[in-house]
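> The sequence and its predicted three-dimensional model are supplied below.
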Amino acid sequence: MLLCGTLLTSWFISDIPVLAAPRVQPLDEKVVIVIDPGHGGENEGTIENGFQEKAMTMKTAQAMYGELSLYDNVEVYMTRTEDVDLSLEERAKFAASVNADFLFSIHYNASVNHNLFGTEVWISAELPYHAYGYQFGYEHLLTMQDMGLFLRGVKTRLNDRGTDYYGIIRESVALSIPAVIIEHCHVDEDRDVSFCDDEEDLIAFGKADALSVAKYFGLKSSILGVDYSEDALNLAETDEKGRIRSTLRDETSPDVCMIELLGTEADTGMVSLQVTATDYDTPLLYYDYSIDRGLTYSALQPWPKSNALEGTYQDTFTLDIQIPSGTQANVIVRAYNLFDACTESEPLPIQQIFRYGEDEQAVNNSSITDNDNASGSTSDREKEEKKLPGTQTFLPANAGVKENESDELSFLSFLKICLIIVIILFIIILVSQSVSYHRRKKRRHQRIKDSGKKNSQPR
Ligand SMILES: [Zn+2]
């Protein structure tokens, strides 16, 4: 394992962008920048958690526009200033019509399982736009890191035809306009929400984006009293003739993920594990764990010392988990790489059932419930507890089960009473209907009989 770690680290060292690298995109006297607020009109973008992406991107883009307008020798445009539909092709054409040096597409993210967090930049896989995008993306992630965001990397994505997957990048590059997508953070994940849940946050992102652009293009501002011309000459090292390996999609999940029991603490239920994982292609970003053999998992945690920019992470770390009292635990840990693919460890059954935080009597009484619990029925409350981040304290399992049972019991009795009332009402209605029907039938027979007698009378 150590060997793997050493190999991996040295591979990434050769790939670590060294500052003071030459700038790839040539600099002009005047810089033309196009800001593209993602989505608009019918296309609302991500709708999660009360957030509406098209409105968020506009707020951030406006702040970016305002900030960049304070720099000298810059022309700034926006693809849209209103809440209107605009195709990706139209956006790219607009950028071409103003001879843009770069198009920056502004976005906010959400994930299918609502569990991912962090910021990323998507760039073109086409040369030389790939190199331009990488040098900007690297600069921008440094800005995002300073704001405290978790880094998800500078990446490319290809479609089935082998061209850029994202339309705005593909359409722009087709018109010789360098373009990137800035995915600021995830609106559906708690720790990212704190970065984007009010207007000031969205404005702060816009100003940060402008700062990255100013550094990338080496802009000066007499109004702001800043000069980033040195920064533009000291960008991340890139390769003009090839694609940066760390930006290429990793089709495989992490190569190794193993756990080993280091020790247990009977009176607190703490279990210490050594987690070791490796991915030969991309750095590891997250991990999560299960104590019920994969039925439920904790929230995603940042992988220790994960650095998507440097391509580094710590390949071994100690994970402490508190096992709920009375629970037969079976632990699995999953490691996730830069492209969110995961590999799970072999299950590690914890032989010991911990007893803590309850009196002897309760312990003796709960042994049957515990066994039931171990055979697979996990209470909802326990499941909810497991979703909390790593430092959580699990509730005693049997307490959760007992409470649930009594809840279920009273709800069941309530249902039974309702059912009995409905049946009684139904019977009453049925009986009364049948009685009145018989009465009506009887009367009708009587009438027919009477009229029959009348009709049979001779005229
Ligand atoms: Zn979007």
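Noted; the coordinates are in hand. This is a predicted model, so every value here is computed, not measured.

> Quick one: the helices in this protein, in order.
Using DSSP state H, the helices of the chain run over 2-15, 53-68, 88-97, 129-147, 167-174, 190-193, 199-217, 360-365, 367-374, 380-386, 397-455.

> D250: neighbour count?
Residues lying near D250 (other C-beta atoms under 10 Å) number 19. Bear in mind the C-beta positions are built from the backbone N, C-alpha and C, glycine included.

> Pretty sure it sits against D279.
Yes. Using C-beta atoms under 8 Å, D250 is in contact with D279, at 7.1 Å.

> what touches both of the two?
337-338 (C-beta atoms under 8 Å, 6 or more residues apart in numbering).

> Spell out which residues of this structure are next to the ion.
Counting by C-beta under 5 Å from the ion, the residues of the chain close to the ion are 38, 45, 107.

> and the closest residue to the second one other than its chain neighbours, what does it touch?
Once its chain neighbours are removed from consideration, G45 has its nearest residue in E53; the separation is 2.8 Å (C-beta to C-beta, 6 or more residues apart in numbering). Shown here is E53, whose contacts under the criterion C-beta under 8 Å, 6+ apart are 38-39, 44-47, 107-108, 187.

> how close does E53 sit to K241?
Computed as C-beta to C-beta, to the nearest Å, the E53 to K241 distance reads 37 Å.

> What of I353?
61 Å.

> Contacts only, for the closest residue to the ion within the stretch 101-250 of the chain.
Residue of the stretch 101-250 of the chain nearest the ion, by C-beta to the ion: H107 (3.6 Å). Neighbouring residues of H107 by C-beta under 8 Å, 6+ apart: 38-39, 45, 53, 57, 181-184.

> and what of D85?
40-43.

> Let's see that with 6 Å instead.
Residues near D85 by C-beta atoms under 6 Å, 6 or more residues apart in numbering: 41-42.

> Confirm for me that S290 is in contact with N330.
No. Using C-beta atoms under 6 Å, S290 is not in contact with N330; the gap is 8.0 Å.

> Overlap of the contact sets of these two?
Contacts common to S290 and N330, judged by C-beta under 6 Å, 6+ apart, are absent.

> In terms of neighbours, single out the busier of the two.
S290 (21 against 16).

> re the thing from before, can you tell me which one of the residues of the chain next to the ion sits lowest on pLDDT?
Ranked by pLDDT, the residues of the chain next to the ion bottom out at G45, which scores 94.

> Can you get me a residue count around it?
G45: 21 neighbours (other C-beta under 10 Å).

> any idea how far it lies from S345?
Applying C-beta to C-beta to G45 and S345 gives a distance of 37 Å.

> Likewise for L116?
21 Å.

> Buried subset of the contacts of E53 as a ChimeraX selection?
Selection of the buried residues among the contacts of E53 in ChimeraX, burial being defined by 16 or more other C-beta atoms under 10 Å:
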select :38,39,45,46,107,108,187
